[in-house]
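Asks: please find the sequence and the predicted model below.
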2 protein chains.
Amino acid sequence: MSFDRSSVLGIDVGGTKILVGSVRLDGTVVAARRYPMDRRDRAHTLASILGAVEAYWSERRVDTPPAAIGVGLVGLTDPPNGLWLHSMSLHVDRPIDFRLDLGARYGLPVAVDNDVHAATLAELRFGVGRDVRDFIYLNVGTGLAGGVVCNGQLVRGVLNYAGELGHSLLGDSDDLCPCGRRGCVEMYASGGAIADHAQRAVERGRQTSLAPIAASGRLTSADVFRAAGTGDALALEIAERALRGVGDLLVNLVNLLNPAAVVLGGGVVSDGWLAPRLDAYVRRVALTNATRCLREIAPSSLPTDQVGLLGAATLAMEALQASAKSRTEGSS
Amino acid sequence: MSFDRSSVLGIDVGGTKILVGSVRLDGTVVAARRYPMDRRDRAHTLASILGAVEAYWSERRVDTPPAAIGVGLVGLTDPPNGLWLHSMSLHVDRPIDFRLDLGARYGLPVAVDNDVHAATLAELRFGVGRDVRDFIYLNVGTGLAGGVVCNGQLVRGVLNYAGELGHSLLGDSDDLCPCGRRGCVEMYASGGAIADHAQRAVERGRQTSLAPIAASGRLTSADVFRAAGTGDALALEIAERALRGVGDLLVNLVNLLNPAAVVLGGGVVSDGWLAPRLDAYVRRVALTNATRCLREIAPSSLPTDQVGLLGAATLAMEALQASAKSRTEGSS
């Protein structure tokens, strides 16, 4: 199989790996490969991305190029100019121009955005957005992040920074967040925090069925939810606090935005413990009119392990559509 | 002066009064009069509104009618169908059809929406929206309510219920809200709550310079802010708790939506104590990138006592524009 104009190239740039793949315009992922990220500094980060694309292309024996390239990134991006402005975790301390470094090299249009905007646009095009025009995409992974769609449009904000749900202050924490502030919901209601709180409780000597796995150093939020399901007191305490955190966050969002749907993404919700309880919590606590037309709060129909890639590809499709539209308008 | 096609009629329906006025398409309020609201039941509420319009028209010796009528309401509305669906405070327990009851009577198009959406649309057309496409309108009055504008469009939500900021859960209250839930920010960070907390503290015997005015039964949030400014301990405690409440609410909104501006409306912010402290609070606590392009958080440039009327009039203007657009599209 080879590239062709009916597919785009998606590049999902994460903190430890880069996923490159070909996606048809109907959202079918034709192929995908994973490459390592060397993030020791800006130059290595960029070289890792360019190397991944080069490797993918040579491994897949390209005949005809894709129609466009989309790149999903962490941190601050400038989509109209194709720039990656800043990333703390990947040491991008001055802008990377993907149109220059990637697009010009291959003679292809390139679109960029942050990974959560990209995933939200994938939901808009291929997921829940086929049915509703107002929804919230909430990703519960290592951290918490989200995308808001109103009137069928992604809310980007003035600096393309909209969606920082993880740093909402809900009053149930005084822990210091890496962002430098205290009380962010991410500090007790994300996958990373759930595992972390359990690990530390075991280390403080709390009795729990999680002790053996904590000793192995591989404790995850899925373990905590599983133990909560068996009635483990510590696990229940941590899981229920996380539920209240994500729950109150969603209650506030649902009251604010009156969405038609809330879609959950990320590894933490795929576990099964959280999603149905969240649905019940939000319906109990949010205003009646705010939830009257709200569909089930449930995991995305898109595959968790492909949503990043699909999101990156969607950026490319959006760019193609925008340029086709501007050509049509220019010629009329 | 008489009505004419270059003006619209705005009707701002409140819990105790009805404001009726003529507004030019450029936003100039030509005339406005206040009428009483008899809200003992649905029939009296509707009769009060129709009577106010009738009285206004006869008092102003109408020659030519306005181009359209806009009605700003409290509670749940259905703008596409011109319906007032529900209001607890005004006892609207089944829909009122304003196109039938008001529009048909005068042969004029009628547009309806809730008062906060109306005020937000007034901001979009005549206030901060002349400069920015992404903003939050926060009204701090007896309660707390807000409007969100993204990509130049009001966020209405699926049931036209978006904007219920007052029932956000921020963790600093366990008080029972009239909505039936506990912990709503409105219970400590609204004008009503500020006055109420001060009044009850005086009644419990707290030492404060507010005691005499509390005894008179006319204590307001402005009194509390004034006393806070002089260093009164009780007043400072209540004012600073309200500041943290509105502040955290705005921090979460700014992180979520990355707006270009936050505009404050309502009597509580016109006092002067709150607004500059809110601006400083949000800049200190919100994420740096979320506030980098945020203008001053400051009171609206629109007059506080006219924004309701201007909002209602704006609904009429929006309806005129939409119908002109659909006529143009229909004839092309």
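Replies: Thanks, I have it.
Asks: contacts only, for the residue of chain A at minimum distance from chain B.
Replies: In chain A, no residue comes nearer to chain B than A:G171, which is 1.8 Å away by CB to the nearest CB. Every C-beta, even on glycine, is put in place using the N, C-alpha and C of the backbone. Neighbouring residues of A:G171 by CB atoms under 8 Å, 6 or more residues apart in numbering or on different chains: A:G183, B:L170, B:G171, B:D172, B:D248.
Asks: got phi/psi on the residue nearest to the third one when sequence neighbours are not counted?
Replies: In space, not counting the residues next to it along the chain, B:G171 is nearest to A:G171; the distance is 1.8 Å by CB to CB, 6 or more residues apart in numbering or on different chains. The phi and psi values for A:G171, taken as degrees, to the nearest 10, are phi 90, psi 0.
Asks: and the pLDDT for A:G171?
Replies: A:G171 is assigned 88 on the pLDDT scale.
Asks: distance of it relative to B:D279?
Replies: Separation of A:G171 from B:D279 (CB to CB, to the nearest Å): 22 Å.
Asks: and what of A:V29?
Replies: 47 Å.
Asks: now A:G146
Replies: Counting by CB to CB, the separation of A:G146 from B:D279 is 26 Å.
Asks: compare these two (neighbour count), which wins?
Replies: A:G146 (26 against 20; other CB atoms under 10 Å in any protein chain shown).
Asks: A helix includes that one, no?
Replies: No - A:G146: not assigned to a helix; according to DSSP: H, G, I helix; E, B strand; the rest coil it is strand.
Asks: need the contact list for it.
Replies: Going by CB under 8 Å, 6+ apart, A:G146 touches A:V116, A:T120, A:I136, A:Y137, A:L138, A:N139, A:G163, A:L165, A:L253, B:L256.
Asks: that one bridge partners, please.
Replies: Beta-bridge partners for A:G146, by DSSP bridges, are A:L138.
Asks: just A:V92 next, same as before
Replies: Taking DSSP bridges as the rule, A:V92 bridges to A:S87.
Asks: report pLDDT for it.
Replies: So A:V92 comes in at 96 (pLDDT).
Asks: number of residues surrounding it?
Replies: Neighbours of A:V92 (other CB under 10 Å): 22.
Asks: just A:A104 next, same as before
Replies: 12.
Asks: what of A:E296?
Replies: When neighbours are counted by other CB under 10 Å, A:E296 registers 12.
Asks: shouldn't it be in contact with A:D279?
Replies: Yes - A:E296 lies in contact with A:D279 (CB atoms under 8 Å); the separation is 5.9 Å.
Asks: now the contacts of A:G146 in CSV, with distance to B:R200?
Replies: Listed next are the contacts of A:G146 as CSV, based on distance: CB to CB, whole Å:
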residue, distance to B:R200
A:V116, 44
A:T120, 45
A:I136, 37
A:Y137, 42
A:L138, 38
A:N139, 43
A:G163, 40
A:L165, 35
A:L253, 32
B:L256, 33
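Asks: could you dump these into JSON lines and include neighbour count, pLDDT and distance to B:D78?
Replies: JSON lines is the format used below for the contacts of A:G146 (neighbours: other CB atoms under 10 Å in any protein chain shown; pLDDT from 0 to 100; distance: CB to CB, whole Å):
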{"residue": "A:V116", "neighbour count": "25", "pLDDT": "95", "distance to B:D78": "33"}
{"residue": "A:T120", "neighbour count": "34", "pLDDT": "98", "distance to B:D78": "28"}
{"residue": "A:I136", "neighbour count": "30", "pLDDT": "98", "distance to B:D78": "23"}
{"residue": "A:Y137", "neighbour count": "31", "pLDDT": "97", "distance to B:D78": "27"}
{"residue": "A:L138", "neighbour count": "27", "pLDDT": "97", "distance to B:D78": "28"}
{"residue": "A:N139", "neighbour count": "29", "pLDDT": "94", "distance to B:D78": "33"}
{"residue": "A:G163", "neighbour count": "27", "pLDDT": "95", "distance to B:D78": "30"}
{"residue": "A:L165", "neighbour count": "28", "pLDDT": "94", "distance to B:D78": "30"}
{"residue": "A:L253", "neighbour count": "24", "pLDDT": "98", "distance to B:D78": "23"}
{"residue": "B:L256", "neighbour count": "28", "pLDDT": "97", "distance to B:D78": "27"}
